[in-house]
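[1] My questions are about this predicted structure, shown below with the sequence.
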Amino acid sequence: METDHVKTPQSLSAKFEGSFAYLTVRDRLPTILTKVIDTIHRNKNNFFEEHGEEGVNAEKRAISFLSKLRNELQTDKPVLPLSDDAEDTAAWNEYMQRQQDMMEDRQPVSWFKSPWLYVECYMYRRIQEALWLNPPIGDFDVFKEGKTQTFFESQQAIIFLCTHLREVLTSMDNPNEKQLFDHFLKFLQVSLWGNKCDLSISAGQDNSQKISPIESLASLQHFILVDDSDQVWSALMALQGSRETEKRGARVDLILDNAGFELITDLVLGDFLVSVGLAKEVRFHGKSFPWFVSDVTKKDFDWTIRQTMASNHKQMSACGVQWKRFLKEGVWSYHDHRFWTLPHEFCDMPTDAADLYAALQGSDLILFKGDLNYRKLTGDRDWEHTVPFARALKGFHPAPLCSLRTLKANVQVGLQPGHGEMLTSQEPDWMTNGKYAVVQFFCPPREQ
């Protein structure tokens, strides 16, 4: 359904030669596939030790499958239906047919002619197909090494952040609203800049232990293009009640993005919200299989908490112990749903994942982390920069929601007139260089 009589723009696609989507499909996706093939090959001896000759044969078949996939991508071959028997296979193949129905002149759905969002998601699902079709290596996470490495490279930043959180919580004895808001803002922005802090910390400087993610926030402030933090705060405070009424606290749903340091920033935010009474419950939503190189799965989530608990740094370990307690008590919980690893834009959720949409309607605040979630929220379309965020959501209104996103794809809405043009004239790659960010909030109108 179109709103405000404004036509929905076309999807970003590699068919536009020279566009960021084109360069991604031409250059970045084949590079990722090459790295996946290399990772599987380097684990050949491990597969042999665990599964004998059967493991080696599975490795060869998976590499052959992925090499063929890479060739299909690079030569713009038609996209093929999935051939495994997973829970989501039928949904993927049905979506492919939807894409076919939208193709001009009955051209086949293909890598360079179809929507970028679809073919990029499809590649990651085909990587999984290569493994699932080749037991016994079906559970192998081709991205685990990178996720583990980013966690260990960010130890100093993690220690700083955990120490800061514990000090804040220890010192906050009956804080006033202004103090609470100031701390909330810092933890929200640390979560926003998770990737940015991680990159600056892992530069390997000898004095890296002097660099704190908290201290870098002031210098990053002017790179936030839209900052609706006040509205996020108001949504949380509206659930606190007055002094005369019992404090209710919010249920916050956090749709996760990357493992490693960014996940720590999300866990710290969740800890703060619960510990100071702004939230009574936090639900973390991750992916059901390895996705987009570094996205969080259940294994990543559990591993990160175990590693934090096992730290020999007192404050970091204390955080891990507290997080494990939150999970045991049910104050925190982890959820995954197959919809998060489908290629659909989120406005399809009420129809294609009605159970997930109904579950999210029970939330008081949904925080969507990262760039891919923003692309799916807005349909990954060529919107004018001034189009309101609410319109770009195309009816996806489960509950009050906020996107915490560092820009890494060329879609951005909700800017003031002339702002996008000014940025383009100063920095042509402002939407894709990871330098800018948004905190964009939307609250659905209350039902009468």
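    Sure, I can see it.

[2] Just the helices from the stretch 201-350 of the chain, written as ranges.
    217-220, 229-237, 261-275, 298-309, 314-329, 349-352 (DSSP state H, counting those that start in this stretch).

[3] Render the CA-only coordinates of the first one in CSV, please.
    Below are the C-alpha coordinates for helix 217-220, written out as CSV (Å, rounded to 0.1, in the frame of the first residue of the first chain):
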residue,chain,number,x,y,z
LEU,A,217,31.9,9.7,22.1
ALA,A,218,32.2,13.5,22.2
SER,A,219,34.4,13.6,19.1
LEU,A,220,31.9,11.4,17.2
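
[4] For that helix, what is the distance to the chain centroid?
    Counting by Cα atoms, centre = their mean, to the nearest Å, helix 217-220 is centred 22 Å from the centre of its parent chain.

[5] Counting by contacts, list what it packs against.
    helix 177-192 (3 or more Cβ pairs under 8 Å, 6 or more residues apart in numbering; DSSP states H and E). Placement of C-beta: from N, CA and C, glycine included.

[6] try the last one
    With contacts defined as 3+ Cβ pairs under 8 Å, 6+ apart, the secondary structure elements packing on helix 349-352 are helix 354-360.

[7] Now do the helix it packs on: everything it contacts.
    Contact with helix 354-360 is made by 253, 335, 337, 339, 349-350, 366, 398-399, as judged by Cβ atoms under 8 Å, 6 or more residues apart in numbering.

[8] same deal with stretch 329-340?
    Where contact means Cβ under 8 Å, 6+ apart, the residues beyond stretch 329-340 that reach it are 87-88, 91, 255, 270, 274, 280-288, 291, 297-298, 301-302, 323, 326-327, 349, 352-353, 355-356, 359.

[9] so where's this structure uncertain?
    1-6, 196-211, 241-247, 447-448 (pLDDT under 70).

[10] so Gln307 makes contact with Phe151?
    Yes. Gln307 is within contact range of Phe151, at 6.7 Å (criterion: Cβ atoms under 8 Å).

[11] before we move on, back to that, from the contacts of helix 354-360, which two are the most distant?
    His335 and Pro350 (18.0 Å; Cβ to Cβ).

[12] any idea which helix is longest in the protein?
    helix 53-74 (DSSP state H).

[13] Hmm, Asp380 is touching Phe346, no?
    No. With contact defined as Cβ under 8 Å, Asp380 does not reach Phe346; the gap is 10.6 Å.

[14] So for those two, which residue has more residues nearby?
    Phe346 (27 against 24; other Cβ atoms under 10 Å).

[15] what about Leu117, neighbour count?
    23.

[16] cool, Met96 as well?
    Neighbours around Met96, by other Cβ under 10 Å: 20.

[17] who's in contact with it?
    79, 81, 109.

[18] Tell me the secondary structure at Leu131.
    Taken by DSSP: H, G, I helix; E, B strand; the rest coil, the conformation at Leu131 corresponds to helix.

[19] residues contacting it?
    Contacts of Leu131 (Cβ under 8 Å, 6+ apart): 62, 137-140, 142.

[20] which ones among those are found in helices?
    Ala62.

[21] Now for the contacts of Leu131: which two are most distant?
    Largest pairwise distance in the contacts of Leu131, by Cβ to Cβ, is 12.5 Å, between Ala62 and Asp139.

[22] Tell me which of the two has more neighbours.
    Counted by other Cβ under 10 Å, Ala62 and Asp139 do not tie: Ala62 has more neighbours, with 26 against 11.

[23] isn't Leu278 right next to His183, touching?
    No. Using Cβ under 8 Å as the test, Leu278 is too far from His183 to be in contact (10.1 Å).

[24] So for the two, which residues contact both of them?
    By Cβ under 8 Å, 6+ apart, the residues touching both Leu278 and His183 are Phe272.

[25] In this protein, what residue spans correspond to strands?
    224-227, 250-255, 279-286, 332-336, 365-369, 401-406, 437-442 (DSSP state E).

[26] Tell me which of the helices of the stretch 201-350 of the chain sits nearest to Gln97.
    Between the helices of the stretch 201-350 of the chain, helix 349-352 lies closest to Gln97; by Cβ to Cβ that is 13.4 Å.

[27] What are the contacting residues of that closest one?
    For helix 349-352, using Cβ under 8 Å, 6+ apart, the contacting residues are 91, 339, 342, 344, 356-357, 360, 395-396, 398.

[28] Now Leu372. Nearest residue, chain neighbours left out?
    Phe292 (6.0 Å; Cβ to Cβ, 6 or more residues apart in numbering).

[29] hang on, that neighbour packs against Asp371?
    No. Checked against Cβ under 8 Å, the pair Phe292 and Asp371 is beyond contact range at 9.3 Å.
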